[in-house]
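# how would this look folded up:
(one chain, ligands or ions: 1)
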Amino acid sequence: MTPISGPRVRLEPAHPQRPDQRLTRLRIGIDLGGTKIEGLVLGSGGVEVARKRIATPRSYERTLDAIVDLVGDLEAEAEGTASVGVGLPGTISPATGMVKNANSTWLIGHPLDEDLAQRLRRPVRLSNDANCFTLSEATDGAGRGASVVFGVILGTGVGGGIVVQGRVLEGAQRVAGEWGHNPIPWPQDGERPGPSCYCGKRGCIETYLSGPGMEHDHRAATGQSRTTHEIAAGISSGEPDALGTFSRYVDRLARGLATVVNVVDPDVVVLGGGMSNLPGLASAARSALPMWVFTDEVSTRVVVNEHGDSSGVRGAAWLWPDQREER
Ligand SMILES: [Zn+2]
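The predicted model follows:
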């Protein structure tokens, strides 16, 4: 036994912190949507520590206030300070430093990242929501461990993002990965010039692979107006019209992905958005890829996302990937 003279030495701090809080790097992700703002805190290993959702105010100043309050609430619950990343359906223009292409139009023309950094007294990273989806899946989702991940959003619109070795490839214009407004590759006679797109062009991939695009295609081929949910049910039950629409959808998805593979050559393609829930979509698209890719051995995997609706907000948190970038 070691003799200790004098008053007993107190080794513990007066207010001991739990080891996980003392050592954990906390990351806040904010998903800034048109109707709601979702925030969460990730602790070590990507474990969710806190989460909160609020309605999106419809003015710029009140949106800033709401995000600052949300960060404060999340940090109080997580009992620590965190890095902050924000995902939004839009981007910061490299030319002007202002938000552009946001469907939350009250954000457009404002330096959102700078204003948030000033109010939160720390650097804030912003990225497009499709990039955040891809980063989330590349970090600890369906694309974990892969060097190059192409994330695909197949929803009411079609978008995408590219993550290389855990980092978002933003690009010179910050449009990297936005394949939805490329034209459908290897168009067949019935696909020329293709449906009109809101972007002003015709035959964009989005006009075929979005939810409304599939509904339009089903109506054009069968004369029936069906929702994507009804078509999905028809695919599951083996209904011929629904299966026909599905096979055209898969063929177009494979053609669209093949041009991405020919340029970027990702290890994994992760499918997200509502259409990624179509039964058997990932494996069917994977099977159709070799017909179009410029190689005889396709090793690219095509998989469905793991984090679902949480991918956007998790990816925003992962915009701060490692300790070395802390200030
Ligand atoms: Zn378009």
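# which parts of the stretch 51-200 of the chain sit against the ion?
On the criterion C-beta under 5 Å from the ion, the ion has as its neighbours in the stretch 51-200 of the chain the residues 181, 197, 199. The C-beta positions use only the backbone N, C-alpha and C, and glycine is treated the same way.
# Of these, select the buried ones using a ChimeraX command.
The following ChimeraX selection, which keeps only the buried ones among these, applies the criterion 16 or more other C-beta atoms under 10 Å:
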select :181,197
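# In a markdown table, list the residues of the stretch 51-200 of the chain next to the ion along with distance to residue 48, secondary structure and pLDDT.
Formatted as a markdown table, the entries for those read as follows, by distance: C-beta to C-beta, whole Å; DSSP: H, G, I helix; E, B strand; the rest coil; pLDDT from 0 to 100:
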| residue | distance to residue 48 | secondary structure | pLDDT |
| --- | --- | --- | --- |
| 181 | 34 | helix | 94 |
| 197 | 37 | coil | 94 |
| 199 | 36 | coil | 90 |
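# can you tell me which residues contact the residue in the stretch 201-327 of the chain positioned nearest to the ion?
Each residue of the stretch 201-327 of the chain has a distance to the ion, by C-beta to the ion, and the smallest belongs to residue 204, at 3.2 Å. Residue 204 is in contact with 180, 181, 182, 183, 184, 194, 197, counting by C-beta atoms under 8 Å, 6 or more residues apart in numbering.
# now residue 252: how far from residue 187?
Distance of residue 252 to residue 187, given as C-beta to C-beta, to the nearest Å: 10 Å.
# Residue 276 now?
Here the criterion is C-beta to C-beta. By it, residue 276 lies 24 Å from residue 187.
# more neighbours, those two?
Ranked by neighbour count (other C-beta atoms under 10 Å), residue 276 and residue 187 place residue 276 first, with 18 against 15.
# can you list the weak-confidence ranges in this protein?
Screening the chain residue by residue with the criterion pLDDT under 70, one finds the ranges 1-23, 322-327.
# Which helix in it has the most residues?
The residue-count maximum for a helix in the chain (DSSP state H) belongs to helix 240-263.
# so what secondary structure elements neighbour that one?
strand 148-154, helix 206-209, helix 211-222, helix 228-236, strand 268-272, helix 281-288 (3 or more C-beta pairs under 8 Å, 6 or more residues apart in numbering; DSSP states H and E).
# got JSON lines for the ones you listed, with mean neighbour count too?
Compiled in JSON lines, the helices and strands packed on helix 240-263 are given as follows (neighbours: other C-beta atoms under 10 Å):
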{"stretch": "strand 148-154", "mean neighbour count": "28"}
{"stretch": "helix 206-209", "mean neighbour count": "26"}
{"stretch": "helix 211-222", "mean neighbour count": "18"}
{"stretch": "helix 228-236", "mean neighbour count": "18"}
{"stretch": "strand 268-272", "mean neighbour count": "27"}
{"stretch": "helix 281-288", "mean neighbour count": "18"}
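# can you put those in TSV and add distance to residue 37?
Rendered in TSV, the data for the helices and strands packed on helix 240-263 read as follows (distance: least, C-beta to C-beta, whole Å):
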stretch	distance to residue 37
strand 148-154	19
helix 206-209	26
helix 211-222	24
helix 228-236	27
strand 268-272	20
helix 281-288	30
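# quick one on the thing from earlier: check the offset of the longest helix of the chain from the chain's centre.
The offset between the C-alpha centroid of helix 240-263 and the centroid of the whole chain comes to 21 Å, using C-alpha atoms, centre = their mean, to the nearest Å.
# re earlier: closest to residue 232 among the contacts of residue 204?
When the contacts of residue 204 are compared for distance to residue 232, the smallest value, 20.6 Å, is given by residue 180; criterion: C-beta to C-beta.
# which SS class is that closest one?
State at residue 180, reduced to three classes by DSSP: H, G, I helix; E, B strand; the rest coil: helix.
# Please report how far it lies from residue 32.
Per C-beta to C-beta, residue 180 is found 20 Å from residue 32.
# Check which residues of stretch 32-43 are buried.
Buried, per 16+ other C-beta under 10 Å, within stretch 32-43: 32, 33, 37, 38, 39, 40, 41, 42, 43.
# do the same with stretch 167-185
The neighbour-count check on stretch 167-185 (16+ other C-beta under 10 Å) flags 168-170, 174, 176-185 as buried.
# May I have the distance across it, first residue to last?
Taking C-alpha to C-alpha, to the nearest Å, stretch 167-185 runs 28 Å from one end to the other.
# now it, how far from the chain's geometric center?
Relative to its chain's centre, stretch 167-185 lies at 13 Å (C-alpha atoms, centre = their mean).
# again, but for stretch 255-267
18 Å.
# so what's the residue nearest the centre of the chain up against?
By C-alpha atoms, centre = their mean, the chain has its centre lying nearest to residue 133, at 1.7 Å. Applying C-beta under 8 Å, 6+ apart, one finds that residue 133 lies in contact with 151, 153, 161, 270, 272, 305, 311, 312, 315.
# mind checking the SS state of residue 321?
Secondary structure for residue 321, judged by three-state DSSP, is coil.
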